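*Asks:* Structure for the following, please:
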Amino acid sequence: MSRSAVYNCAKEKYFSSRACTEHPAANEMEILIVVLVVGLIVAGIIFNILAAKKRREELGALAARLGLTFDPEEDYGLTDRYEFLEQLDQGSNRYAFNVLRGQYAGHEVMAFDYHYETHSTNSKGQRQTHHHYLSFFILLLPRAFPELTVAREGWGSKIAQAFGYDDIDFESAEFSRAFCVRSRDKRFAYDVCNPQMIEYLLANGDLNLEVEENALALCFGARLSAGEIEHNLNRIVRVRELLPGYLFSSN
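*Replies:* Numbering: from 1, shown residues only. Model prediction:
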């Protein structure tokens with residue numbers, strides 16, 4: 001056998017043996033990574049299931065203590081009935097769940113978790129779904145009113161103003177800087193945002209308030225804890241108390 005043939009044979013044996021020793025390790029590493037990823041996904045699913053179960057139990061106990069009914073199931077009809085509210089008319093696959101409902105402090109109220117979806121396309125042209133979860137409160141009013149929104153000033157309100165949604169100004173410069181107030185009925189906006197209401201909203205700067213038809217609503221950009229639900233039921237009742245009595249007695 002020539003020297004070159006011996007060399008080539010030795011080289012083939014070397015690389016063959018190296019492949020046999022390296023490839024199993026690489027395969028084992030790939031399998032380990034897959035197992036870890038799957039394990040993390042399963043752990044996340046289990047965590048979400050347990051967290052949802054705990055939340056249902058806490059909200060159920062809260063409802064029982066407050067004398068309210070509690071329904072954890074998805075309720076598409078509720079969001080359909082109140083889709084005239086701006087915050088309940090966005091995205092797709094909209095539904096309420098974990099609904100507390102009944103008489104509270106002399107008023108018919110609802111507090112619930114709210115879900116909707118939006119979609120986007122990534123750089124590869126793939127469609128992605130984004131799930132949004134909020135906390136929502138509704139207090140029913142004895143008569144219908146025009147649309148009014150009172151929300152913290154932000155980029156969204158600035159954009160809305162740029163497209164012609166005028167922000168109503170008030171004598172309180174501090175309030176006008178802090179909140180964006182929109183309504184087609186300026187007189188109604190001034191009636192609602194009276195001095196006592198302005199003082200209360202400035203002291204509770206996280207509130208986003210909406211009135212339309214027979215609904216007074218508060219919306220929060222994330223799901224509140226069970227402990228925060230009762231606090232905000234008290235706050236929506238307080239907002240209702242600050243509405244002038246003549247709004248309900250006039251024809």
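*Asks:* Beta-bridge partners for the closest residue in space to L68 that isn't next to it in sequence, please?
*Replies:* The shortest distance from L68 to any non-neighbouring residue, by CB to CB, 6 or more residues apart in numbering, is to G102 (4.0 Å). Backbone N, C-alpha and C define where each C-beta goes, glycine included. On the basis of DSSP bridges, G102 is bridged to V109.
*Asks:* Based on its surroundings, how many neighbours for G102?
*Replies:* 14 (other CB atoms under 10 Å).
*Asks:* So it sits against V109, correct?
*Replies:* Yes - G102 is within contact range of V109, at 7.1 Å (criterion: CB atoms under 8 Å).
*Asks:* overlap in contacts of those two?
*Replies:* L68 (CB atoms under 8 Å, 6 or more residues apart in numbering).
*Asks:* Now do the strand ranked longest in the chain, average pLDDT.
*Replies:* In the chain, with assignment by DSSP state E, the single longest strand is strand 127-152. In this model, strand 127-152 has a mean pLDDT of 94.
*Asks:* Could you give me the buried positions within that strand?
*Replies:* By neighbour count on 16 or more other CB atoms under 10 Å, the buried set for strand 127-152 is 134-139, 141, 145, 147-151.
*Asks:* Would you list the strands that that strand pairs with, along with their directions?
*Replies:* strand 107-121 (antiparallel), strand 179-182 (antiparallel), strand 209-220 (antiparallel).
*Asks:* ok, and what's touching the helix or strand following the second one?
*Replies:* Reading on from strand 179-182 to the C-terminus, the next helix or strand found by DSSP states H and E is helix 186-192. If you take CB under 8 Å, 6+ apart as the criterion, helix 186-192 is touched by 145-146, 148, 150, 168, 170, 181-183, 211, 243-244, 246-247.
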